[in-house]
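Novice: Next come a sequence and a model predicted from it.
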Amino acid sequence: MNIGQQENRQGRLIKKIFDRFTDEAAQEVNLLKSRPDFRPELEYFVDLLAAGRDPATIANRTGRKVVALMCLQAPLELFHVYGLQPFKIFGGTMVAQRLSAPQLPAIMCPMLRSALGELHLDLAGRNGEKFLAWVAPTTCDWVVKIKDMMEVCGVKEDPPFHRLELPHLKDRDESQERWLEEIYLLKTFLSELTGIKKIKRQDLANSMRLYQKTWHVFSRLIDLKRQGFAPLVWFMVITNSFFFDDVEKWSAAVEKALPLFTERPKNGPNVFLAGSPIFFPNLKMLHLLEEAGLNVVMDDLCSSERIFPGAVFCDDLSEHGLLKALAQRYHQGCLCPTFSDNDRRINNIIAPAHKDLYQGVVFHVLKGCHPFDLESLTLESRLKDLGFKFIKLETDYTSEDSQTLLTRLEAYRSSLVN
Amino acid sequence: MTVTKLRYITQHVAFLLFTYGGFFRINLGQSIPCLSCPFIYSCTGFCYLMMLQRALGLMFLPLNAAFGGPDPWFAVREAGGQLLIGLLIFSILVVILGKSWCGWLCPFGLIQDWITRLRRKLGIRESEIILKKKEKLTVIKYILLAYLIIMPILAGLGVLPFDFILAFCNICPAKALMPLFAGDAQYIALDTSTRVALGFSLALLAITASMLIGMFFKDRFFCLFCPMLALLNFYKKLYVLKLAKEPLACHGCGNCRRTCSMDNETVYRERVKSDVYDTDCMGCFKCVEGCAADKSLQVKVGPLKVFTSSRRYASRV
């Protein structure tokens, strides 16, 4: 087969999958909009997700150029102060995997496999519109190798690519200093990218205040979830859409949606959802949890409660002080399992303030998501020692295992109730 | 109102009271556990460190061969009584408020906070050199405490000149700076009356100048050396006001460590014990304010929780 034939075949495949991709997203949108608890205030978030992640659309919506972000450790406030819109690359579509799967390892994070497939679709659908740059903190193995994988998969994204070397020990002062150097390097990169030579420290402080304010609003939503008023499906639709619009507009929309959550949807047992991220339109696990009668009142997913880090408390308002505060908050405060000294991540689950809120822990692992998979072993043993009921669900981007998962969740629910 | 604002208001009220209360004939005695400087002519009460030095010196006066008089033990009775009563009042005050004297009431602490605010306004970063040397520097306050106990005794015994009765006050930067707020600049001038006075005067100016530079580049720089903080540490187990941590609730975000003016690491590092009242803590409780983990840090009065950390409080703007 010559190169021309190969390209034609790939083009046909992209078109075919693009149609199915659109169907998959539309199906999920219809499912969300037909829920009895759907309200017009939630339409904003669903529409953001449905509109897709075309950089041009996001740039028009936010008035800022869009930088693709591979993980959440790069301080969002820094992008904001340079007039950029950070956009975290998540992949949620099942069909998009088909475009990247043949070139990639068989056991690999399906979220990134899907993300790489979606990049093909995006490039095809948006006539070559690209992100202004890529920023990749070196978290899990898949993210570390993302640039290579993009090349292998034939994703022709060639804007500037900046890696942030993430120290995997959080508690060492040397790691903190190293990470701060990386934040300074990111600042230099963004400065060269935008041509803005110097940022004012007041502007950086204002950006930090803006994200702090957003976090305050988001905190109220988290509280509603803790109390069982905000169903996880809506909570995650809201958090999934975080990067799709200007942070102020998103925050205002969340504030508007808060009064909607006034009723507890079910009387089922409360659970904590831990593990791999879940992203639109693959909300399968959330629907299954609901169907099994389990109320998720807390989670530690980086696509949900950890979509952006919490309060950054800082009273040294020099530029160095602000950057140091950001660096520490995004590094020390991060509960991602890729860190080596991460026992404080478990504290988030077993903290006295939290443990009375739920009866069990559901651990969601995507096949090939190694950090979470490995972590589940120690987590399970610690939680069981403490008397928590724990269930680990391993799944992939497929709907074929839905019935099996549902049966296991129902059995788990019975064990919690009895 | 946030705790920081409340603290700032309290500090100012205390500053006005301790510095100008004398104009209104207020007298709070000589046992105040903070640097309410007696060299201010309008002061309301004395810093306990001065009373301690003076009483110790006078206690040993009868053993001084040069001392004579009709009743040499009169001074012992007077000084001993003063020492005991002063110590009792001081102890009660310390047990009630613990280190919060330093963070909420000390007028010299407030001056340091003003200087820090000025630095922040100018956007100048805090020095990290001192942070790296902190463990070595923190010993100095115990050395100064020993100095302020031993020197007055030696002065009382006649081994050293009588100026050494107030050996610490003579080199304390509060003596040079605090009276300025009452319009008195005499302590920033050289005292040439005797050689010892000149020596103290030169030392005071040098220390004050160094402290001012240090205080500009480092929050609460003087507190690292303050013997009052060393003295308060002896009461640590008796404090009614406590700082407690629930280690399991901590996410390790580092807000507590970063915001601590004294650069204490105990609150951040502790993973087992509940008591995190660091020996260098000044009781400002900024760590509790900044803690983004629900119920991880608590300020307690006895068993009662008076202020608890929360995600929502920490995220206020």
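Specialist: Perfect, I can see it now. The shown structure was predicted, so the numbers you read here are calculated from the model rather than taken from an experiment. Residues are numbered from 1 along each chain as shown, chains lettered A, B, ... in the order given.

Novice: in stretch A:390-406, what's buried?
Specialist: A:390, A:391, A:392, A:393, A:394, A:395, A:396, A:397, A:405 (16 or more other Cβ atoms under 10 Å in any protein chain shown). Glycine gets a C-beta too; all of them are placed from N, C-alpha and C.

Novice: Please enumerate residues in contact with the top helix by length along chain B?
Specialist: Secondary structure of chain B per DSSP state H: the longest helix is helix B:73-97. For helix B:73-97, contacts defined as Cβ atoms under 8 Å, 6 or more residues apart in numbering or on different chains pick out B:29-33, B:48, B:51-52, B:54-59, B:61-62, B:101, B:104-105, B:232, B:235, B:238-241, B:283.

Novice: Show only the entries of these found in strands.
Specialist: Applying DSSP state E to the contacts of helix B:73-97, the entries found in strands are B:29, B:30, B:31, B:32, B:241.

Novice: show me what contacts the spatially closest residue to the last one that is not a sequence neighbour?
Specialist: So the one you mean is residue B:241. Spatial nearest neighbour of residue B:241, excluding adjacent residues (Cβ to Cβ, 6 or more residues apart in numbering or on different chains): residue B:98 at 4.5 Å. Contacts for residue B:98 (Cβ under 8 Å, 6+ apart) come out as B:232, B:235, B:236, B:239, B:240, B:241, B:242, B:277, B:283.

Novice: swap the cut-off to 10 Å and go again
Specialist: Counting by Cβ atoms under 10 Å, 6 or more residues apart in numbering or on different chains, residue B:98 touches B:33, B:232, B:235-236, B:238-243, B:277, B:281-283.

Novice: Can you read off the pLDDT for residue A:274?
Specialist: If you check residue A:274, the pLDDT there is 93.

Novice: what's across from it in the sheet?
Specialist: Beta-bridge partners for residue A:274, by DSSP bridges, are residue A:363.

Novice: hang on, isn't it packed against residue A:354?
Specialist: No. Here residue A:274 does not reach residue A:354: they are 11.7 Å apart, not a contact under Cβ atoms under 10 Å.

Novice: Please enumerate the shared neighbours of these two.
Specialist: A:298, A:348.

Novice: Compare these two (neighbour count), which wins?
Specialist: Shown here are residue A:274 and residue A:354; by other Cβ atoms under 10 Å in any protein chain shown, residue A:274 has more neighbours (27 against 20).

Novice: and residue B:135, how far is that from residue A:41?
Specialist: 55 Å (Cβ to Cβ, to the nearest Å).

Novice: So these two - more neighbours on which side?
Specialist: Neighbours around residue B:135 and residue A:41, counted as other Cβ under 10 Å, are more numerous at residue A:41. The numbers are 15 against 9.

Novice: tell me which element the closest residue to residue B:290 other than its chain neighbours falls in.
Specialist: Leaving aside its chain neighbours, residue B:290 sits nearest to residue A:313 (3.3 Å; criterion: Cβ to Cβ, 6+ apart). Under the criterion DSSP states H and E, no helix or strand holds residue A:313.

Novice: tell me the contacts of residue A:313?
Specialist: A:212, A:325, A:329, B:253-256, B:258-259, B:286-287, B:289-292, B:314-315.

Novice: Now list the buried members of those.
Specialist: A:212, A:325, A:329, B:253-256, B:258-259, B:286-287, B:289-292, B:314-315.

Novice: Quick check: mean pLDDT of the helix or strand harbouring residue B:312?
Specialist: Using DSSP H and E, the element containing residue B:312 is helix B:311-314. Helix B:311-314 shows a mean pLDDT of 87.

Novice: Tell me which other helices or strands it touches.
Specialist: helix A:201-226, helix B:286-290 (3 or more Cβ pairs under 10 Å, 6 or more residues apart in numbering or on different chains; DSSP states H and E).
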